[in-house]
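Engineer: model this:
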Amino acid sequence: MGSFVLALLFFGGGVASIMSTTIVKLVNVVTSKGGGAPWISDDLNQGRYDCYYELLAVLGAVDLVYLVICANVFHESTQNMTLEAAADGEAEEFRG
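Structural biologist: Residues are numbered from 1 along each chain as shown. Take a look at the predicted model:
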């Protein structure tokens with residue numbers, strides 16, 4: 001189980017790295033159209049890093065809204081569940 005979790009952790013890191021590279025490349029391609037300087041430039045004076053970080057903040061806010069929507073849709077429908085004990089047949093109440 002531990003090796004699976006570790007593999008899942010590294011897989012998530014790899015996917016995040018690929019997504020980050022894709023976002024940077026996409027921002028450079030889109031913002032440099034028309035002969036202008038891209039937002040992420042080698043020259044700090046020409047780059048628009050403020051716009052890039054605002055874009056990342058908007059993407060983070062969209063992700064937060066998506067998380068809240070998913071949490072509301074897939075919430076636990078029962079707050080108290082009764083579990084039957086297999087050994088002695090007594091009911092135990094589970095609050096979770």
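Engineer: mind listing what's buried in the host helix or strand of Ile23?
Structural biologist: Ile23 is located in helix 2-31, with elements delineated by DSSP states H and E. By neighbour count on 16 or more other C-beta atoms under 10 Å, the buried set for helix 2-31 is Val27, Thr31. Quick note: C-beta positions are derived from backbone N, CA and C, even for glycine.
Engineer: Return the distance of that helix from the chain's centre.
Structural biologist: Centroid separation for helix 2-31 versus its chain: 11 Å, with C-alpha atoms, centre = their mean, to the nearest Å.
Engineer: Kindly report the same for stretch 48-60.
Structural biologist: Centre to centre, stretch against its chain (C-alpha atoms, centre = their mean), the figure for stretch 48-60 is 16 Å.
Engineer: Okay, buried residues for that stretch please.
Structural biologist: Neighbour-count burial for stretch 48-60, with 16+ other C-beta under 10 Å as criterion, is recorded at Arg48, Tyr52.
Engineer: Tabulate the CA atom coordinates of that stretch in CSV.
Structural biologist: Extracted in CSV, the C-alpha atoms of stretch 48-60 (Å, rounded to 0.1, in the frame of the first residue of the first chain):
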residue,chain,number,x,y,z
ARG,A,48,4.3,41.1,-17.8
TYR,A,49,4.7,38.7,-14.9
ASP,A,50,1.9,40.5,-13.1
CYS,A,51,-0.6,39.4,-15.7
TYR,A,52,0.8,35.9,-15.6
TYR,A,53,0.3,35.6,-11.9
GLU,A,54,-3.2,37.1,-12.1
LEU,A,55,-4.0,34.4,-14.6
LEU,A,56,-2.7,31.8,-12.2
ALA,A,57,-4.8,33.3,-9.4
VAL,A,58,-7.9,33.1,-11.6
LEU,A,59,-7.2,29.5,-12.4
GLY,A,60,-6.8,28.8,-8.7
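Engineer: how far away is Ser41 from Cys51?
Structural biologist: 12 Å (C-beta to C-beta, to the nearest Å).
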